[in-house]
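Q: Quick one: sequence plus predicted model below, questions after.
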Amino acid sequence: MKRTITLNLPFGAKEVMHPKEEISYIMRNAETYYWEFDGNLVAEQTFDGRYAYLHYFEFWISKATTVTFRSHAADLHLCYPIEIGEQPLIMHDELLDIKLTLNQNRASYLYLSVADFHVDLPIGHYIVRGITLDAGLFRPNIARSFEFVMPLVEAKRVGKSISMQSVDFLIGTLTKYELDAIFQNLNPKVLDNEHILIRHQIYLIKLSRLKIMMGDGSINTPLTIIKHVREILRLIIDQYGNKALIGDLAESVQVDRSRLYKLHKEYYHCSLSTYRNELLVERILREYDHFHNNLSGLAYELNFAGLSELNRFFKKMKGQSLAQYQKH
């Protein structure tokens with residue numbers, strides 16, 4: 001995918017091979033660079049995928065400065081500021097008097113037109129992860145579910161000259177885990193790398209929708225909360241299989257785990273753990289046809305430690321092994 005955003009370094013910046021700090025989140029197989037200027041240190045990582053471009057910027061600022069990001073072509077980005085301090089960072093397009101606000105641990109979609117964006121960096125430590133998205137993923141038939149980002153998609157389609165920003169949403173445990181997974185799984189040497197990148201990208205987009213729903217005020221009753229939690233749980237089971245944990249889910253939606261258990265028992269008459277396991281059984285059975293001659297591969301795909309663990313889980317839920325179950 002064509003790279004459309006770059007960091008313009010201040011005059012006198014020098015690339016360094018042995019920096020005094022190291023990147024906090026390593027992006028596997030990425031292009032990585034460090035620069036120093038005025039006692040400040042900047043790190044950049046980028047990865048060029050066919051359907052997404054990943055970029056990562058980290059700043060260690062000991063002397064307040066201003067940096068400039070250049071958007072070379074109108075594009076859609078998903079931006080994750082995970083370390084910027086108490087005060088937000090403001091991206092200024094001074095020519096058109098546009099301001100885009102980046103709050104710590106609050107992600108948002110950005111449509112960046114062709115422009116230079118100035119960002120003031122006070123003394124501190126800053127980390128911003130970003131993905132240049134394939135806007136074609138947002139088909140017209142899903143516009144209603146993703147109406148929070150569709151104005152930006154349309155702006156990208158027509159090449160609008162005014163940059164835009166969506167409503168922002170919490171970067172919680174699930175999102176951070178997924179960002180780490182993307183960074184760790186990138187490998188251009190394997191055939192399914194692009195499939196993996198698309199899968200992660202779609203998951204983050206779906207998760208962003210559920211995050212925005214949680215924050216827009218419509219999820220405000222016990223029943224709507226637990227319905228929403230069930231929807232998120234289904235999403236993470238589809239993505240992570242046996243690694244989907246209720247503790248991570250509770251932290252992500254910022255609802256106490258014991259309350260989630262109580263609400264689920266009240267409205268659905270079974271524990272949240274039971275529902276989680278039922279979803280996992282559903283996924284096992286959906287995937288079985290692709291792996292019926294390679295059950296060890298199925299166990300790996302669904303993040304079980306091995307076939308024996310998969311069979312123990314399935315037998316506990318269904319009373320027989322997966323192979324026995326499929327014979328009936």
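A: Noted; the coordinates are in hand.
Q: Kindly state the domain boundaries assigned to the chain.
A: 5-170, 219-328 (automatic domain parsing).
Q: what is the mean pLDDT for the last one?
A: What it means is domain 219-328. Mean pLDDT, domain 219-328: 91.
Q: ok so, going back, can you say which of the domains of the chain is nearest to residue 195?
A: Minimum separation from residue 195 across these (CB to CB) falls at domain 5-170, 9.5 Å. C-beta coordinates here come from the backbone N, C-alpha and C atoms, glycine included.
Q: Is residue 262 part of a helix or strand, or is it coil?
A: With DSSP: H, G, I helix; E, B strand; the rest coil as the basis, residue 262 sits in helix.
Q: measure it to residue 277 for me?
A: Using CB to CB, to the nearest Å, residue 262 is found at 18 Å from residue 277.
Q: Comparing those two, which residue is more hemmed in?
A: residue 277 (17 against 14; other CB atoms under 10 Å).
Q: List phi and psi for the more buried one.
A: phi -70, psi -40 (degrees, to the nearest 10).
Q: and it, what does it touch?
A: 313, 317 (CB atoms under 8 Å, 6 or more residues apart in numbering).
Q: Run a quick neighbour tally on residue 247.
A: For residue 247, using other CB under 10 Å, the count is 9.
Q: Oops, could you answer that again for residue 50 instead?
A: Number of residues near residue 50 (other CB under 10 Å) recorded here: 12.
Q: Just confirm it contacts residue 194, I think it does.
A: Yes - under the criterion of CB atoms under 8 Å, residue 50 makes contact with residue 194 at 4.9 Å.
Q: Quick check: residue 159 vs residue 112, distance?
A: 12 Å.
Q: excluding its backbone neighbours, what's nearest residue 216?
A: Sequence neighbours aside, residue 167 is the residue nearest to residue 216 in space, at 7.5 Å (criterion: CB to CB, 6 or more residues apart in numbering).
Q: Can you verify the one you found is assigned to a helix?
A: No - using three-state DSSP, the assignment for residue 167 is coil, not a helix.
Q: With neighbour numbers in mind, choose between residue 159 and residue 112.
A: residue 112 (29 against 10).
Q: Pull the contacting residues for that one.
A: Neighbours of residue 112 in contact, by CB under 8 Å, 6+ apart: 4, 5, 71, 74, 75, 77, 163.
Q: what's the closest of those residues to residue 248?
A: residue 77 (25.8 Å).
Q: partners of the helix or strand where residue 117 lies in the sheet?
A: In the assignment (DSSP states H and E), residue 117 maps to strand 115-121. With DSSP bridges as the test, strand 115-121 is paired with strand 65-71 (antiparallel), strand 89-93 (antiparallel).
Q: Which neighbours do residue 159 and residue 112 have in common?
A: In contact with both residue 159 and residue 112: residue 74, using CB under 8 Å, 6+ apart.
Q: Quick one: closest of the domains of the chain to residue 204.
A: That would be domain 5-170 among these, by CB to CB, at 6.6 Å.
Q: so for the closest one, what's the average pLDDT?
A: The model assigns domain 5-170 a mean pLDDT of 94.
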